[in-house]
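> Attaching a predicted model along with its sequence, questions to come.
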Amino acid sequence: MSQFHQSTDAAIKHDTLFTTPLDKAARFSFDEQVVACFPDMIRRSVPGYGQVLAMLPIFARRHCKYRQQDGNGQRVSRIYDLGCSLGAASMTLAGEFDPQDLQIKAIDISPAMTTEATILLSDHYPEHDIEVITADIRDVELEPCDMVILNLTLQFLPAADRVAVLEKIYAALSEGGILVLTEKTHAFDEQYDAWLVERYYDFKRANGYTEMEISGKRNSLENVLITDTLDEHHARLDHVGFERHLTWFQFLNFVSIVAFK
């Protein structure tokens, strides 16, 4: 279990956002209501999320080789956490590295998320070089880096913008660096996809969500979260220049890919 979950369990607010009927036109957004229950929402809605977080420091130790310089001219490993939400990935990394070893830049477009992430990260890791930035990742110029984490983020961007973001990541990564891309997907085969989706809803039911909550969340995410197939993800990584990439983790329709520069 990540430090993020350990440190916030006592204060986690239960996700009750969709326990009452909503206007069908209501769209999901990462606002203060979502921030308040986000750890519980992720835990109960994203299969394998904890396992993905737990592997990030292991990947970082293998692929982050202190190639970058910080503001004092010291050699560090620079890591970007793009679409950082409450900073779970950044916190997991900080918990496994000494402060002088990493420079983490955590970016999210939601002010509600970055405000809370700044508090959590500064409270738990005040000595670490972690900068939380409120910005659209499409607009940010990335500095040379050793690792980029893109957890459940690309799926919220317009499909037309996804290649440009990946091109920017590829250009910023040093030789030997990696991208960790985690996404919800859909299967090309309609029967396979229907089976995966229904088992995913079974997963949510097993975690206490009602039919109304499942339906409400699904409706609110329509045209907000747009999934790709696994093949589309790999084809896009090929297109932007990653010659080696593999699916290292899959749990139902959620996958995590590592791409090597």
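Sure, I can see it. Numbering: from 1, shown residues only.

> only C-alpha atoms for contact and neighbour calcs from this point on.
Fine.

> how about the closest residue to His63 other than its chain neighbours, what does it touch?
With Cα to Cα, 6 or more residues apart in numbering as the criterion, His63 has its nearest non-adjacent residue at 5.8 Å, and that residue is Gly177. By Cα atoms under 8 Å, 6 or more residues apart in numbering, Gly177 lies in contact with 63-64, 145-147, 260-261.

> if we go to 10 Å?
60, 62-65, 67, 79, 144-148, 170, 259-261 (Cα atoms under 10 Å, 6 or more residues apart in numbering).

> neighbour-wise, which of those leads?
Met147 (29 neighbours; other Cα atoms under 10 Å).

> Assumed it was part of a helix.
No: looking at Met147 with DSSP: H, G, I helix; E, B strand; the rest coil, it is strand, so not inside a helix.

> my guess is it meets Val76, correct?
No: the pair Met147 / Val76 is not scored as a contact, 11.8 Å apart, by Cα atoms under 10 Å.

> Pull up the overlap in contacts between those two.
64, 104.

> Looks to me like Ala194 is in a helix.
Yes: Ala194: assigned to a helix according to three-state DSSP.

> which ones are touching it?
Ala194 neighbours (Cα under 10 Å, 6+ apart): 186-187, 200.

> Put the buried members of the residues you listed into a ChimeraX selection.
Applying 16 or more other Cα atoms under 10 Å to the contacts of Ala194 leaves a buried subset, and the ChimeraX line that selects it is:
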select :186,187,200
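
> Return the subset of the contacts of Ala194 lying in strands.
Assignment to strands by DSSP state E places none of those there.

> ok, so of the contacts of Ala194, who is nearest Glu131?
Closest to Glu131 out of those is His186 (33.7 Å), distances taken as Cα to Cα.

> can you pull the contacts of the closest one?
So His186 contacts 192-194, 196-197, 226-230, 252-254 (Cα under 10 Å, 6+ apart).

> can you give me the strands in the chain?
68-69, 75-82, 102-108, 129-134, 145-151, 173-184, 244-251, 254-260.

> Lowest average pLDDT across those strands?
Lowest mean pLDDT of the strands of the chain: strand 68-69, a mean of 73.

> Note down every partner strand of that strand and its orientation.
Here strand 68-69 is paired, per DSSP bridges, with strand 75-82 (antiparallel).

> On the strand side of things, show who the most centrally placed residue in the chain bridges to.
Nearest residue to the geometric centre of the chain (Cα atoms, centre = their mean): Asn151, 1.9 Å. As for beta bridges, Asn151 partners with Thr182 under DSSP bridges.

> Show me what the spatially closest residue to Ile130 that is not a sequence neighbour is bridged to.
Leaving out its chain neighbours, the residue that sits closest to Ile130 by Cα to Cα, 6+ apart is Ile104, at 4.7 Å. Counting by DSSP bridges, Ile104 forms beta bridges with Ile79, Ile130.

> Which single one of the contacts of Ala194 is nearest to Met55?
Tyr200 (22.5 Å).

> I figured that closest one hits Phe254, correct?
Yes: between Tyr200 and Phe254 there is a contact under Cα under 10 Å: 9.4 Å.
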